[in-house]
Every structure is written in structure tokens, then in C-alpha cells.
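*Asks:* Any chance you could fold what I've pasted below:
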Amino acid sequence: MAKGRKEIKQELEQKKKEGDLSSKKALELAKLAEKTKATLESMQGEATEEAAKGMESAAAAFQQTIETKAVQAEQQSEKINADLEQKQLKFEEAKKFDQADVSRLQALESEAKRAGIGVEGIVQAEKTKMEEMQFLTSESQGVEKAQQEMQKIISEAKQKRQGTKTPYKSRDTLG
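*Replies:* From the prediction side, this is the model:
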């Protein structure tokens, strides 16, 4: 059984929301990575070798945790983007089928008129198909806009993270 427009719309809204959340999470993590790097770079250093090793180890672990979570958020966003892309393809296919149906209904309407038969039912079916095509086009445009926004945010997050890949190196404050 085919899904109703309301159900399709709700599913798409949920997917778009999930994609928005995961891409924004990736961006937040990238910003945290930047802040972490800046904080670590601004530190004065440690007086002892043990403190230096401890700080370097802690900084590396924290940066790796951020990196792992950011990559997970990006992957989730990319998965959602792929799901939305599949929906787009299905919408395009459905629109082609609907257009073919409208053409067949119009031909049938012409024949029915020539035969002197009422065409109200056929006209209503055409109208229904046209409404469906408009719905699919509208939802498809909404999905495309959401995908573009997700891609923009993920791209920004990746860019920000690229600059944070340098490890923390302690400075000798007693030197």
C-alpha cells in the first residue's frame, strides 16, 4: 500500500532534522577541536618531564576523542544524505510514471469525448495525478535544499578540523 502524503512529508522532515542535527554536531565538534588547539597552544608549558608527558598524552587522547566523534557525526550525516538521495531518485521515478499516466488519461479522455461518454472521473484522475506530481516536486525541492545545507555544514566542519591536527608539544618552563 502506498504511503500518504502526510506520512511521506513526516518521514522527510524527520530525515532532514536528523541530518541537520548530525551535521551541526560535526561542526560543533570541529569548533571544539579548534578551541582545544588554541587553548593548548596558549599554555605556558610544564616544569617537569612527567607533567609534560602527562599533558601531551591527555591532549592527544582528548583530541582523538573529538576527532572520532566528529567523524562519526559526519558519517551519520553522509548516510542521511544518501538516504535522502534515494528518496529523490524515487520521487523522480514516480513523477515520470505520473506523467505517463496523465498522458494516457488525456488520450482516454479524448476517446471518451468522441464516444459521447462523460469524462468527469477521468478528469478527476488527471487532477489527482497532477496534484501528486506537484507534491513530489515540492518535496524534492525541500530535500535538495536540506542536502545542500548539510553538505555546506559538513564541508565547513571538515575544513575547521583539518587545521587542528597538530599534536600538543609541551614547553619547558624551567629551561
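*Asks:* just the CA coordinates of stretch 137-150, formatted as CSV?
*Replies:* What follows is stretch 137-150, C-alpha atoms only, in CSV (Å, rounded to 0.1, in the frame of the first residue of the first chain):
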residue,chain,number,x,y,z
THR,A,137,8.3,18.3,-7.0
SER,A,138,7.8,20.4,-3.9
GLU,A,139,9.1,17.7,-1.5
SER,A,140,12.0,17.0,-3.9
GLN,A,141,13.0,20.7,-3.8
GLY,A,142,12.8,20.7,0.0
VAL,A,143,15.0,17.6,0.2
GLU,A,144,17.5,19.2,-2.2
LYS,A,145,17.7,22.3,-0.1
ALA,A,146,18.3,20.3,3.1
GLN,A,147,21.0,18.3,1.4
GLN,A,148,22.8,21.4,0.2
GLU,A,149,22.7,22.9,3.7
MET,A,150,24.0,19.6,5.3
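*Asks:* what's the model's confidence in it, averaged?
*Replies:* For stretch 137-150, the per-residue pLDDT values average out at 94.
*Asks:* for this protein, what spans make up the helices?
*Replies:* Taking DSSP state H as the criterion, the chain carries its helices at 5-42, 49-114, 120-162.
*Asks:* Nearest to residue 171, out of those helices?
*Replies:* Closest of the helices of the chain to residue 171 is helix 49-114, at 8.3 Å (criterion: Cβ to Cβ). (Glycine included, C-beta is placed from N, CA and C.)
*Asks:* got the helices of the chain as TSV, with distance to residue 171 and mean neighbour count columns?
*Replies:* What follows is those, written out as TSV (distance: least, Cβ to Cβ, whole Å; neighbours: other Cβ atoms under 10 Å):
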stretch	distance to residue 171	mean neighbour count
helix 5-42	10	17
helix 49-114	8	15
helix 120-162	24	16
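*Asks:* Which of the ones you listed sits closest to residue 170?
*Replies:* Nearest of the helices of the chain (Cβ to Cβ): helix 49-114, 3.5 Å.
*Asks:* That closest one: how far from the chain's middle?
*Replies:* Helix 49-114 has its average C-alpha position 5 Å from the chain's average C-alpha position, going by Cα atoms, centre = their mean, to the nearest Å.
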